[in-house]
Structures are given as structure tokens and as C-alpha cells.
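> sequence plus the predicted model coming up.
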Amino acid sequence: MSLPGSPYLARAGADLQLDGCSLDELAAAYGTPLFVYSQRAMLDAVASYRRALAGRPHLLCYAMKANPSLAVLQTFARAGCGFDIVSIGELQRVLAAGGDAAKVVFSGVGKTRAEMQHALQIGVRCFNVESQGELEVLSRVATAAGRTAQVSLRVNPDVDAGTHPYISTGLKGNKFGIAHDQALDTYRRAAALPGLQVTGIDCHIGSQITQVAPYLDALDRLLDLVEAVEAEGIALHHVDVGGGLGIQYAGEAPPQADELVTQLLQRIDARGHGHRELLMEPGRSLVGNAGVLLTEVLYLKPGATKNFCVVDAAMNDLMRPAMYQAWMAIEPCRQREGPAPEWDVVGPVCESGDWLGRERALAVQPGDRLAVLSAGAYGMSMASNYNSRPRAAEVLIVDGRPMLVRERERFEDLILRERLMPPP
Ligand SMILES: *Cc1c(COP(=O)(O)O)cnc(C)c1O
């Protein structure tokens, strides 16, 4: 089988390599579980968007919840990207990584007053407002702070992104965004409220989208609104089509970013909106295929109905299979000869849902290392300490050289904020 995902992933003989580095050697050097990312793959992904956006006013805002590690943020900040954030913690990470607050858009359905205050003080580029209630609160917070909040309304275009229900966000009955038929009224309200400056419109219809059509449908719905809003004298500077572009986990063939952008721009031009700044919020498509999770085989448990391959990575390290029943490719770091029976690859966590892959044909022995592919997005960012498991270390390959960018957590980190009761 060919390797899905990154062109930087290849076999040199039996040895699986990412960006020229032997994954088996990295696992031996840094221990497992270990996330390894190729910076080149991330920059290539940015370049694909940029190719199609060249010469157009635009801002790529990396949706950092996909992978918020500081070195990853630094990579994108140095490439000139902005950031899509969903909490103040994420804004603090952007600043810690040297990112520019003036290129930050603040999304999320549940921004608190304290978060709004903080973001206004630091000076984010705009708030993607998701409800009428949030709009009223933002107006009050901004007025009290003597600031003006730049506002974009996140509209729910009611289009089906054709993806998993947990990661579909653009349909009616979904908690995200302002219903399309209420958006015009909400814009009128936004224009009338003190402390607010209407600046744009946005949407985000879901994740792991593998077709262009849902984007074009959503864009049309947005542009309809832009026209209606501007007819009332409320100017909209930018259009933000969100993120959600899919990557290859198995046989998917999502459009390349430049192909998606080209089609979006064609539609924007055809409808006479070419002068507007285009914002995008890609997350997964910038980092997903750039990374792998390495794990070591602990035990093999052949059984009557199922064979289990127990590895040292678990659902706390990589939630996607347990949470979304996601299929992620699993490859031996060093291929061995011999029979390849089917294994359920499972972790040590005390949950039956703790699996990384099911019914995978693998020639493995205890002590072998496996790579879970396309694990650069929503891997480390969703990791937890469930079962008191320290979170994994992270290595970023920069110009072909591995750099440890996050140490493995230690037990002391896990109990740092806890307090024992006084002696009885
Ligand atoms: C998660 C998210 C994104 C990024 O989604 P991907 O599927 O990772 O590209 C963009 N915008 C918003 C508002 C999000 O919540």
C-alpha cells in the first residue's frame, strides 16, 4: 500500500522516514509515544494556499486548535500567517510564539467578558461574533474599556459539508454561528451598537471537507448577505470562508488548497466582489499530513475472535479514533518480513474505546515501533492526562534536522497544581 498523506513520508528500504529522518531512530532517541512533524510539510501547505492567493488582498489565519505547540505557531508566524483563536489561552500562545495580535481573529461561541476585555486590550484584528447575545456583551465590554471592537458575524449558511456529524458545523440545528435568516437583523443591530465597528462576515461549515461544492454553496450564501448588508449602507471589508479543508487519511482525495482557493476566487470575481479581502482559517490542512505519532508495541495478544496489538500510545495521546471513529493509517517504522495477521491496535487505557486502529494487517513483534500517520492535527492538541499518563514529547524536523520542541511531561507536571490535605 502506498503511504497516505505527506510527500515527505517515504520508505528507504524497510525504514520509514519523515523528511529524511528515520522514524525508528527518532523513537529510539526521544522515546515513545512521540509526535514528529515536518516543518517543510507545514510550509508547503501554506504555500499551496498562497499560490492561488497571490496578488489578492488576503490573510491566512491558522486555526491553531489543530496544533498549538509554540514551535508550530512560530513556524506559521514567521511565514506571515495570522491565527484563528477560540480562547484567551490561544491568544497568549500566539504572543508567546512571536505572532502578531493584529492578525488574530477571535472565534468561538462562548467568549467570556474577561476574554473579550483581554483581547481588546491586546488588540486582536477582529471578533467573529456568533450570537446576538455575544454582540450585546461585546458592545458593553468595549464601551467600558473605551475601545472599538472590530466585528465580523459568523453566519451559519445552512449547507451540508458532507462530513462527520461531530465536525459538521454549518447546518441548522448546530450550536455555531448566527442563522442565515437572522443575520441581516444582527448586522443592523451591530451597526447601531456603540463600541463596535462592523468589518466583515465569516462562516466555518465543518472539518475534513473533501469537496469544493459545499464551500461554493456557503460562499454564495455569504455573498448574498454581503449584498443585502451593504445595500443598507453597512460596509463589509472582508469575507472569511473559515477552514475545514480535508486531508488524506486513507483514500480520500480532497482538493489541493490552491485548487479550492482558485475556485473560490473565481466565484468571488464572477459576483463582483474581487476587491474584498479574503480571509481563510485552515487548521487541519496546514498540519495534519505533516505529522505522525510514534508508538512501541508492548504485547501481542492473539485471541479466538480478535488479535490485540497493545502499544504504548493511547486515546489520551490521540483521541480521533475513539472520539470520531476516525481511521488513521498505521505503518511499521521498520518493515519486517513474515506473516501479517490482522490486529486491533489498542492502548493501555482502561476503556474499550481505547484503540488506534482496528483489523490492521501488520507484521509486528513486541518492541517494534509503529507510526500512526496524518497525526499532525487534533493529535497533541486533544491529548489529556487520563489514567495519569504524561503527555507525549514533540519533535519538529527543521531543514532535515530533528528538534525537540516539547519535552515529555513528567509526573511532577501532573500534580503541580494539586494539594494534599493537612495531616489529620
Ligand atoms: C476548528 C476551526 C477551524 C479549522 O478547522 P479545520 O478543519 O482544522 O481546518 C477554522 N475556524 C473555526 C472557527 C474553527 O472552529
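That came through fine.
> for the residue of the stretch 51-200 of the chain found nearest the ligand, which non-adjacent residue is closest in space?
The ligand sits closest to Ala63 of the stretch 51-200 of the chain, with a gap of 3.2 Å, by C-beta to the nearest ligand atom. Glycine gets a C-beta too; all of them are placed from N, C-alpha and C. Among residues not flanking Ala63 along the chain, Gly283 sits closest, at 3.2 Å (C-beta to C-beta, 6 or more residues apart in numbering).
> ok, now Leu356?
Spatial nearest neighbour of Leu356, chain neighbours left out: Val345 (4.7 Å); criterion: C-beta to C-beta, 6+ apart.
> you'd agree the residue of the stretch 51-200 of the chain closest to the ligand is up against Gly82?
No. Between Ala63 and Gly82 there is no contact, the gap being 10.4 Å when judged by C-beta atoms under 8 Å.
> the two: which is more packed in?
Ala63 (28 against 24; other C-beta atoms under 10 Å).
> the lengthiest strand in the chain pairs with which strands?
Longest strand in the chain, counting residues (DSSP state E): strand 291-301. Strand 291-301 has the following strand partners under DSSP bridges: strand 34-38 (antiparallel), strand 308-311 (antiparallel), strand 369-372 (antiparallel).
> tell me if that strand is near the ligand.
No. Remark: strand 291-301 sits outside contact range of the ligand, by C-beta under 6 Å from any ligand atom, the gap being at least 13.3 Å.
> would you mind listing what in this protein touches the ligand?
Applying C-beta under 6 Å from any ligand atom, one finds that the chain approaches the ligand through 63, 65-66, 84, 86, 107, 204, 207, 242-245, 281-285.
> strands - which of those land there?
Of those, the ones assigned to strands by DSSP E are 63, 84.
> so Gln266 is in which element?
Assessed by DSSP states H and E, Gln266 sits inside helix 257-270.
> how far does that helix sit from the chain's center?
How far helix 257-270 lies from its chain's middle: 22 Å, per C-alpha atoms, centre = their mean, to the nearest Å.
> can you name the residue of the stretch 301-424 of the chain nearest to the ligand?
Ala377 (6.1 Å).
> so that residue sits against Leu293, correct?
No. Applying C-beta under 8 Å, one finds Ala377 not in contact with Leu293, separated by 11.4 Å.
> OK, contacts around the residue positioned nearest the centre of the chain?
With distances taken as C-alpha atoms, centre = their mean, the residue of the chain nearest its centroid is Ala66 (2.3 Å). Ala66 is in contact with 283-284, 286-288, 376-378, 381, counting by C-beta atoms under 8 Å, 6 or more residues apart in numbering.
> and it, what pLDDT?
Note on Ala66: pLDDT of 98.
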